[in-house]
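> sequence and predicted structure below; questions after.
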Amino acid sequence: MRKNSKFRTTRVESLENRQLMATDLAFFQSEGTLQQASFADVSFNASTGTLNIKGTPGRDRVAINDAGDDSRILVNDQFVQNVPTKAIRAIRVNLGAGNDQFDIQYSPRLNPQTVDLFLGAGAGEQVNISANTIGKLRIDARASIGTVINLNGTSVTDRFFADMGADYAEDYLGLGSSHVNKLELETGGGNDRLVLFNSIVTVADVNMGAGDDQVENHGNSAFLAGTIDGGSGSDFINDSFRRRGLRVASFERR
C-alpha cells in the first residue's frame, strides 16, 4: 500500500475551451502521454479552480468524497488532501495504465463545470459518479478493455462525451435516476450495453458499433431526440422507451 510520502503537489495549468468531438480526442491523446511517475500526483490550483489527479502505471483507486464544506481526496483508500468543494470548477484525471477505478461518491455539493477523465491501458476499469451536477463530462476509455461507467442521481447539464471504442470486450454504461442533456457515446466492438434506470437523455448521439449490443430500459426512461445506431451485429433495443423524436437504426431485435 502506498504511503502518504509518495504524493506530491505540482502546478496545474488552466483548462482550455473544447467544443468538438475531434478536439476532445486530441486533448485526451495528449493527456495520455503525461503520466510516467510511480506515485499518484494530486494538486489543486485555487486560481483556476482545477483539481488535477494523475495515477500511476499500476492499479489505482481514486475517490472524491463529500466531507461537509470540503471534498476529501483519497488514493488507494489513503487520505491525500481536502479541497473546498465550492472552489472546484474543473476536475482533470489521468489514471494511466493499470486496472483503475475513479469514484465521485455522493457529493451533491460538488458541481464542476467540466470533468475530464482519461483511462489508460487496463482491463475492467470502472467509473462511478453519484449525486452531483456536472456541466461537461468527458471520458476517454479507448485504451481500456471492458470498461464500466455508472452515473447515479447525476445531472449533466451540457454534454456527456464517452469513447469506449477501441476494444472488443463488453463495455457498459448505466444511467440511474440521472439526466443527461446530450449523450455522445461510441462503444466500438464487443457486446456492449447501454442501460437506463428511470433516466432521461434529452439528445442522443450514440453509436454502439460492432457486436451484439443492447440498449435497455428499466423503469420509466426516455430518449427525447437524436439517433441511436446499433451498428453491425444482432442488436437489441427495448421498445418501452419514451422516445419522441429519436431515430433508431440497425437494431435487429426489439
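That came in fine, so what should we check first?
> helix or strand right after the helix or strand bottoming out on mean pLDDT in the chain?
Least confident helix or strand, the chain: helix 21-31 with a mean of 42, by mean pLDDT, DSSP states H and E. Downstream of helix 21-31, the next assigned helix or strand under DSSP states H and E is strand 41-45.
> what secondary structure does Lys86 sit in?
helix (DSSP: H, G, I helix; E, B strand; the rest coil).
> you'd agree it is up against Arg109?
Yes. Lys86 lies in contact with Arg109 (Cβ atoms under 8 Å); the separation is 7.2 Å. Every C-beta, even on glycine, is put in place using the N, C-alpha and C of the backbone.
> between those two, which one's more packed in?
Arg109 (16 against 13; other Cβ atoms under 10 Å).
> so what's the more buried one up against?
Contacts for Arg109 (Cβ atoms under 8 Å, 6 or more residues apart in numbering) come out as 66, 85-86, 132.
> of those residues, buried ones?
Among those, those buried by neighbour count (16 or more other Cβ atoms under 10 Å) are 66, 85, 132.
> for the residues you listed, give me TSV that also has distance to Met164 and pLDDT.
Listed next are those as TSV, based on distance: Cβ to Cβ, whole Å; pLDDT from 0 to 100:
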residue	distance to Met164	pLDDT
Asp66	28	88
Thr85	29	95
Asn132	22	88
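> the residue nearest the centre of the chain is in what secondary structure piece?
Closest to where the C-alpha atoms of the chain average out (Cα atoms, centre = their mean) is Ile139, at 4.3 Å. In this assignment (DSSP H and E), Ile139 forms part of strand 133-140.
> next one: that strand to chain centre, how far?
Relative to its parent chain, strand 133-140 has a centroid offset of 7 Å by Cα atoms, centre = their mean, to the nearest Å.
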